[in-house]
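Trainee: Build me a model from this:
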Amino acid sequence: MEELKKKKLVVVGGGAAGMLSAVLAADYGWDVLLIEKNEKLGKKLFITGKGRCNITNACDREEFFEHIMTGRKFMYSSFSGFSNFDLMDFFEKLSLPLKTERGGRVFPVSDKSSDVIKALERALGQRHVSVTVNTEVTEIIVQKLCREKEADGKSAVQGKVCGVSAVMGEGKTQMIPADAVFIATGGVSYPLTGSTGDGYCFAEKTGHTVTEPVPSLVPFETKETFVKDLMGLSLKNISITVWKGKKKLYSDFGEMLFTHFGVSGPVILSASSAAARELQKNPLELSIDFKPALSEEQLDTRILRDFSEFQKKQFKNALDKLLPKTLIPVIIERTGISPEKKVSLLTREERGLLVRQIKDFRLTLTGLRGFSEAIITKGGVSVKDINPATMESKKVKGLYFIGEVLDVDALTGGFNLQIAWSTAAAAARGLGENLQTGKRKHLMMRGS
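Mentor: Below you'll find the predicted structure:
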């Protein structure tokens, strides 16, 4: 009997998940073809972390899962199989030295995302992975099967992947046979990097449910137009709370930035992940505490101390030690107190108005900026259709979905990239197990 032929894997998408999965699948003995529609690999990876590439977060397992906003349970298996520390070990074995910064953020020592991409490209070359760029996959070719009941008695496999159709650089369409296909096309954030939602189309056409994509980790737009006057004001050590009526949707502490359209900055981007769906329905309220380290009573005492020092000054000139200069006129207008009033004449009630504006500064959130400014996409291929241990579709044999194309997302700090790495590794591991099973069956047949 002839020897078992090497099985063929096609990876669609040359981003973080695509490159890592191709490397690991090759290690498991698969013949791998990596297809990228851009002119080079890792285009979105290149701009992550402001070009420094925050590859993961060096937190413990419990903290990692606290930062996942959608698909937390789904990630248990893949993260256990390939954790943040496994990822760091992987890159260090590729001779890419790493460093850990504030908040557990992990970067290459060089601070260059290009070095992460180069390390992965070297690994692809060492494993003889075939790479084709400027090539667009247009269809996942699936052979329909008779419906086969799964163990749960509900799900049913509807087909088996046979390959892909792709338009090559010269415009010719080619059918590429494959025993397995990984969809690693990303979401729709930063569309200029090639993330244009192709994976969602592939998923829907092969019978999968896709949760509507919305921008996430993205700035908010506000109803209040005075934010233009605060544009460029960056604030550290503030706390925010996003409210839907009396229901608290999100609360955090960190840094923020006022823009010409609303608010941005790390703590705001994280809040967008929790508020994106609700904001599609109705406006929300953002409460900013400019002095979270002080209680209202402590802040009032601080204000009294400043006022006793500046008792001959007008209200508008007595807050320089307490607030940034550009914020002062906005706060004063919101208190309703005359800016010309001498601070020595301010009443306790008026000080209370000032305290409340500093501790609970309200803005109306009316929308999110678009996908062109979003770091990630919330939504995607429903994880109900995917095996969490292997990333294989429950509907189409040999079809796998990995990375941002899945309906899984997390907060900033390297967590979303770790989701891409972990799901990529799970898919490769699943292929490795399939290959071993196939080899055992082949040997048994030869023995018979």
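Trainee: what about Val343, neighbour count?
Mentor: By the measure other Cβ atoms under 10 Å, the count of residues near Val343 is 24. (Glycine included, C-beta is placed from N, CA and C.)
Trainee: in the chain, which spans are helices?
Mentor: Applying DSSP state H to the chain gives helices spanning 16-27, 43-47, 61-66, 75-81, 84-93, 113-126, 198-205, 266-279, 296-309, 328-335, 348-359, 415-447.
Trainee: residues near Thr211, how many?
Mentor: Thr211: 17 surrounding residues under other Cβ under 10 Å.
Trainee: switch to numbering from 689
Mentor: Will do, 689 is the new start, and the previous item becomes Thr899.
Trainee: Go ahead and confirm it touches Gly1067.
Mentor: Yes: when contacts are counted by Cβ atoms under 8 Å, Thr899 is listed as touching Gly1067 (4.3 Å).
Trainee: Need the overlap of contacts for these two.
Mentor: Taking Cβ atoms under 8 Å, 6 or more residues apart in numbering as the contact rule, Thr899 and Gly1067 both touch Asp1095.
Trainee: Please point out which parts of the lengthiest strand in the chain sit buried.
Mentor: In the chain, taking DSSP state E as the definition, the longest strand is strand 824-837. Residues Glu824, Val825, Ile828, Ile829, Val830 are the ones in strand 824-837 that count as buried (16 or more other Cβ atoms under 10 Å).
Trainee: so what does it touch, helix or strand wise?
Mentor: If contacts are counted by 3 or more Cβ pairs under 8 Å, 6 or more residues apart in numbering; DSSP states H and E, strand 824-837 sits against strand 844-855, helix 886-893, strand 1084-1085.
Trainee: Now render the ones you listed as JSON lines, adding mean neighbour count and mean pLDDT.
Mentor: Listed next are the helices and strands packed on strand 824-837 as JSON lines, based on neighbours: other Cβ atoms under 10 Å; pLDDT from 0 to 100:
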{"stretch": "strand 844-855", "mean neighbour count": "18", "mean pLDDT": "90"}
{"stretch": "helix 886-893", "mean neighbour count": "20", "mean pLDDT": "96"}
{"stretch": "strand 1084-1085", "mean neighbour count": "22", "mean pLDDT": "96"}
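Trainee: Looking at those, spot the one closest to Lys1030.
Mentor: Nearest to Lys1030 among the helices and strands packed on strand 824-837 is helix 886-893 (62.3 Å), distances taken as Cβ to Cβ.
Trainee: Please name every helix or strand in contact with the closest one.
Mentor: Using 3+ Cβ pairs under 8 Å, 6+ apart as the contact criterion, the elements in contact with helix 886-893 are strand 696-700, strand 824-837, strand 868-871, strand 898-904, strand 1064-1069.
Trainee: which stretch among those strands comes nearest Val797?
Mentor: strand 1064-1069 (25.3 Å).
Trainee: Residues in contact with that closest one: which ones?
Mentor: 757-758, 871, 874-877, 883, 887-888, 891, 896-905, 961, 964-965, 1059, 1089, 1092-1097, 1104.
Trainee: which residue sits farthest out from the middle of the protein?
Mentor: In the chain, Lys1000 marks the outermost C-alpha relative to the chain mean, sitting 52.2 Å out by Cα atoms, centre = their mean.
Trainee: Look up how far Lys1030 lies from it.
Mentor: 7 Å (Cβ to Cβ, to the nearest Å).
Trainee: what stretches of the stretch 839-988 of the chain score poorly on pLDDT?
Mentor: Residue ranges of the stretch 839-988 of the chain with pLDDT under 70: 839-844, 857, 882.
Trainee: unless I'm mixing things up, Met776 is touching Asn745, no?
Mentor: No: using Cβ under 8 Å, Met776 is not in contact with Asn745; the gap is 10.2 Å.
Trainee: Which one's more surrounded, the two?
Mentor: Using other Cβ under 10 Å as the criterion, Met776 and Asn745 rank with Asn745 on top: 24 against 17.
Trainee: Report the contact partners of the residue farthest from the centre of the chain.
Mentor: Applying Cβ under 8 Å, 6+ apart, the residues contacting Lys1000 are Lys1030, Ser1032.
Trainee: where does it land on pLDDT?
Mentor: Note on Lys1000: pLDDT of 89.
Trainee: What are the phi and psi values at it?
Mentor: Dihedral pair for Lys1000: phi -90, psi -10, per degrees, to the nearest 10.
Trainee: What distance do you get for it to Val930?
Mentor: 41 Å.
Trainee: Out of the helices of the chain, which is the most enclosed?
Mentor: helix 704-715 (a mean of 27; mean count of other Cβ atoms under 10 Å).
Trainee: and that helix, what other elements does it pack with?
Mentor: Packing partners of helix 704-715 (3+ Cβ pairs under 8 Å, 6+ apart): strand 696-700, strand 719-723, helix 801-814, strand 868-871, helix 1103-1135.
Trainee: List the contacts of it.
Mentor: The contact list for helix 704-715, computed with Cβ under 8 Å, 6+ apart, reads 697, 699-700, 720, 722, 724, 729-730, 732-733, 778, 805, 808-809, 811-812, 815-817, 870, 872, 1090-1092, 1105, 1108-1109, 1111-1113, 1115-1117, 1119-1120.
Trainee: Beta-bridge partners for Leu974, please?
Mentor: Beta-bridge pairing of Leu974 under DSSP bridges involves Val930, Leu1051.
Trainee: a markdown table please, covering the helices of the chain and showing distance to His948.
Mentor: Below are the helices of the chain laid out as a markdown table (distance: least, Cβ to Cβ, whole Å):
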| stretch | distance to His948 |
| --- | --- |
| helix 704-715 | 32 |
| helix 731-735 | 22 |
| helix 749-754 | 33 |
| helix 763-769 | 37 |
| helix 772-781 | 37 |
| helix 801-814 | 28 |
| helix 886-893 | 32 |
| helix 954-967 | 15 |
| helix 984-997 | 29 |
| helix 1016-1023 | 15 |
| helix 1036-1047 | 22 |
| helix 1103-1135 | 27 |
